[in-house]
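Participant: Structure, please.
(one chain, ligands or ions: 1)
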Amino acid sequence: MTIAVLALQGAFAEHEKVLDRLGVSHIELRQAGDLKKPFDALILPGGESTVQSKLLKELDMFEPLKKRIENGMPVLATCAGLILLASEIEGQDSCHFGTIPMCVRRNAYGRQLGSFYYEGGIKGIGTYPMEFIRAPYIESVGDDVEILAEVEEKIVGVAYKNQLAFSFHPELTGNDKIHEKFLELIKVSTD
Ligand code: GLN
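Facilitator: Below is the predicted model:
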């Protein structure tokens, strides 16, 4: 199994370290040519969603990746990655990949709470250390989107078909349970 990590901007190296710890082979997606390499699943890291989306389009990577996600390739998205997957972004007319029916609010915790730490429960995982950095939260989800985590009544983690998305940074806390859950999802979908 090989996992591709989108490596245009943001916290991609930290995801790669988790994959190294778990002994999973991975490649970086930096240019369109990288999409020709074989990979079974995708990680969309945190960073700046507007910058990532712009680069994806400029580098002709946006449409091919969107198609692969729509065709069922497993995706783990964190923070900015979650924003890329949302079908609706509060206060904006357009979205990016739009492959999860949900509405997100960017930088939703305001300036003072720009970054914070919280220990909360995740369905199927249990108590988890959540590191939020200028994070979005999910205002509402469509039918069939499973809510995995909520912090003070705001949705911060969801599963939808082949996609897992969290508004915090699971790659920064040394707890690999979310990545392990993702590996299970990949195994089920490739069996
Ligand atoms: N604020 C960023 C955005 O809107 C997300 C922050 C993050 O990925 N840590 O894209």
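
Participant: so the residue nearest the centre of the chain is in which element?
Facilitator: Central residue check for the chain by Cα atoms, centre = their mean: the C-alpha nearest the mean position is that of Ala77, 0.7 Å away. Remark: Ala77 resides in strand 75-78, with elements defined by DSSP states H and E.

Participant: Who are the packing partners of that strand?
Facilitator: Using 3 or more Cβ pairs under 8 Å, 6 or more residues apart in numbering; DSSP states H and E as the contact definition, the elements that strand 75-78 packs against are strand 41-44, helix 80-85, strand 163-166, helix 177-190. For the C-beta atoms, the positions are set from N, CA and C on the backbone; glycine is no exception.

Participant: so what's the closest residue to Ser115 other than its chain neighbours up against?
Facilitator: In space, not counting the residues next to it along the chain, Ser115 is nearest to Ile133; the distance is 4.8 Å by Cβ to Cβ, 6 or more residues apart in numbering. Contacts here follow Cβ atoms under 8 Å, 6 or more residues apart in numbering; on that basis Ile133 touches 46, 79, 114-115, 168-169.

Participant: Run through those and flag the ones next to the ligand.
Facilitator: 46, 79 (Cβ under 6 Å from any ligand atom).

Participant: Looking at the contacts of Ile133, which are in strands?
Facilitator: When DSSP state E defines the strands, the subset of the contacts of Ile133 inside them is Ser115.

Participant: least trustworthy position among the contacts of Ile133, going by pLDDT?
Facilitator: Sorting the contacts of Ile133 by confidence puts Gly114 at the bottom, with a pLDDT of 79.

Participant: Contact partners for it?
Facilitator: Taking Cβ under 8 Å, 6+ apart as the contact definition, Gly114 lies against 107, 133-134.

Participant: Using JSON lines, please lay out those together with secondary structure, distance to the ligand and pLDDT.
Facilitator: Conversion of these to JSON lines gives the following (DSSP: H, G, I helix; E, B strand; the rest coil; distance: Cβ to the nearest ligand atom, whole Å; pLDDT from 0 to 100):
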{"residue": "Asn107", "secondary structure": "coil", "distance to the ligand": "5", "pLDDT": "92"}
{"residue": "Ile133", "secondary structure": "strand", "distance to the ligand": "4", "pLDDT": "95"}
{"residue": "Arg134", "secondary structure": "coil", "distance to the ligand": "4", "pLDDT": "94"}
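
Participant: Just the closest of those residues to Ile186, please.
Facilitator: The nearest member of those to Ile186, counting by Cβ to Cβ, is Ile133 at 25.9 Å.

Participant: just to revisit the earlier point, just the buried residues of the contacts of Ile133.
Facilitator: 46, 79, 168-169 (16 or more other Cβ atoms under 10 Å).
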